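1. test case, fold it:
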Amino acid sequence: MAQTSDVPEFVIERAFDAPRDMVWKAWTEADRLARWWIPKQFARVSSTLDFRVGGMFLYCMRSPDGKDMWSKFVYREIVAPERLVFVASSSDKDGATTPSPWFPVFPREILNTMTLSEAGGRTQLSLRAHPINASDEEMAKYAAVKPGMTMGFRGIFDQLEELLKQA
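-> Numbers count the residues shown, from 1 in each chain. I've put the predicted structure just below:
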């Protein structure tokens with residue numbers, strides 16, 4: 001396994017024209033989270049949220065070619081409304097961690113730390129993520145796909161922005 005200091009961190013930030021409490025609710029309430037947390041070209045099939053430390057957000061999305069893909073967040077730290085720490089993984093329908101459906105070699109667990117700060121009615125979101133329990137080969141793949149991850153998160157955050165405008 002690679003050392004933590006060798007882990008390539010992924011960082012993305014975005015400012016939203018919405019109060020921090022509203023952005024927090026979009027991340028922590030089942031109905032809101034299910035409305036924006038999948039790529040635009042995918043369909044949400046199912047989602048459940050047990051929002052507590054040790055709880056899980058388990059969801060299934062269907063790709064444009066009809067393939068169902070399950071994923072999950074397992075919550076490690078919740079500090080409302082400013083900090084959320086969770087491990088993101090691919091999973092099966094029961095929430096067991098599985099290999100990524102996207103890549104044959106990829107870290108099975110990604111530790112995410114999301115922070116929110118507010119100034120003047122706008123919310124600054126910062127998301128920092130890095131693999132845990134990953135091999136050197138998995139880390140190298142993670143580092144290689146970071147540009148695509150940036151594009152993917154921009155699209156998902158565009159959907160979050162649209163949801164916040166509707167509130």
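2. residue nearest the middle of this structure, spatially speaking?
-> The centre of the chain sits closest to residue 88, judged by CA atoms, centre = their mean, with a distance of 6.3 Å.
3. quick check, pLDDT for that one.
-> Note on residue 88: pLDDT of 98.
4. wait, a strand at it?
-> Yes: counting by DSSP: H, G, I helix; E, B strand; the rest coil, residue 88 is located in a strand.
5. wait, doesn't it sit right on residue 114?
-> No: contact criterion CB atoms under 8 Å: residue 88 and residue 114 do not qualify, at 10.8 Å. Yep, even glycine has a C-beta here, placed from its N, CA and C like the rest.
6. and the nearest residue to the residue nearest to the centre of the chain once chain neighbours are set aside, what element?
-> Nearest non-adjacent residue to residue 88, counting by CB to CB, 6 or more residues apart in numbering: residue 110, 4.7 Å away. Assessed by DSSP states H and E, residue 110 sits inside strand 109-119.
7. and after that strand, which helix or strand comes next?
-> Per DSSP H and E, the first helix or strand lying C-terminal to strand 109-119 is strand 122-132.
8. would you give the sheet partners of that following strand, along with the direction of each?
-> strand 10-16 (antiparallel), strand 109-119 (antiparallel) (DSSP bridges).
9. list the buried residues of the longest one.
-> What that stands for is strand 109-119. By 16 or more other CB atoms under 10 Å, the buried positions in strand 109-119 come out as 109-114, 116, 118.
10. what about the residue lying closest to residue 74 once chain neighbours are set aside, how many residues close to it?
-> Spatial nearest neighbour of residue 74, excluding adjacent residues (CB to CB, 6+ apart): residue 87 at 4.8 Å. Residue 87 has 19 neighbours, counted by other CB atoms under 10 Å.
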